[in-house]
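**Student:** Whatever this is, show me its structure:
(one chain, ligands or ions: 1)
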Amino acid sequence: MSNQVKSLIASFRYAARGVAYCVNNERNMRIHLVTAAYIVVFSRFYDLSVAQFALMICAIALVVAMEMVNTAVEVLVNLESPAYNSLARIAKDVAAGAVLVCAIFALVIGLLLFWRPAVLLKIGQTLCANPVWGGLFLFSIPLALAFIFIGPVRIWRWLARQKSER
Ligand SMILES: Nc1ncnc2c1ncn2[C@@H]1O[C@H](COP(=O)(O)OP(=O)(O)OP(=O)(O)O)[C@@H](O)[C@H]1O
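**Tutor:** All right, here's what the predicted structure looks like:
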């Protein structure tokens with residue numbers, strides 16, 4: 001394999017490591033991912049055009065990517081200025097503000113696309129009438145909460161400990 005290909009593959013690996021770091025260490029990132037997963041699943045109940053679906057995916061990607069930039073700023077600030085510093089505070093506040101701005105715009109896009117009372121009612125009726133869908137939805141809630149508040153690494157370690165104690 002040529003050095004060019006090796007370095008390309010390595011750059012994807014480093015980027016994937018960055019994504020994994022954020023998922024493992026940033027609760028807000030996990031909130032964005034869980035919200036995005038529910039939105040993508042429930043978007044199937046809507047008759048979205050390709051453009052609307054693309055807009056939804058762009059809004060999700062923007063929030064997730066901005067959360068990652070915010071994490072990078074936080075890590076850099078902690079590295080450079082672990083003690084209190086007013087410039088460090090501004091850098092962190094501005095980076096967090098960028099996430100907030102994206103999240104507010106994503107929420108507006110979500111409301112424009114999905115605020116259809118008739119469809120929301122149909123989703124509720126489907127979940128109540130169909131035991132498989134309803135059961136899956138109810139089952140997903142504690143899983144989603146555990147993913148958000150405990151995190152995949154601690155869940156994985158806990159599972160591994162249970163296995164080794166058996
Ligand atoms: N070194 C620092 N100097 C000055 N202010 C800081 C410093 N570190 C943090 N702050 C202030 O505390 C706030 C929270 O910082 P922190 O690093 O805990 O970010 P966070 O938003 O809580 O991170 P996370 O997204 O991981 O929960 C910052 O937005 C900033 O106002």
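
**Student:** Give me every residue in this protein lying close to the ligand.
**Tutor:** The interface of the chain toward the ligand, taken as CB under 6 Å from any ligand atom, is made up of 26, 28, 74, 77, 81, 84-85, 88-89, 92-93, 96. Heads up, the C-betas are built off the backbone N, CA and C, glycines and all.

**Student:** Kindly indicate which of those residues lies nearest residue 12.
**Tutor:** Minimum distance to residue 12 across these is 20.8 Å, recorded for residue 26 (CB to CB).

**Student:** Can you get me a residue count around the closest one?
**Tutor:** Residue 26 has 18 neighbours, counted by other CB atoms under 10 Å.

**Student:** what's it in contact with, if anything?
**Tutor:** Under the criterion of CB atoms under 8 Å, 6 or more residues apart in numbering, the neighbours of residue 26 are 67, 71.

**Student:** list the contacts for the residue most central in space within the chain?
**Tutor:** Central residue of the chain (CA atoms, centre = their mean): residue 33, 2.1 Å from the mean position. Residue 33 is in contact with 23, 64, counting by CB under 8 Å, 6+ apart.

**Student:** which SSE is it in?
**Tutor:** helix 27-42 (DSSP states H and E).

**Student:** Check which helices and strands whichever helix or strand comes after that helix sits against.
**Tutor:** Following helix 27-42 in sequence order, the next helix or strand is helix 50-80 (DSSP H and E). In terms of contacts (3 or more CB pairs under 8 Å, 6 or more residues apart in numbering; DSSP states H and E), helix 50-80 is packed against helix 3-25, helix 27-42, helix 86-114.
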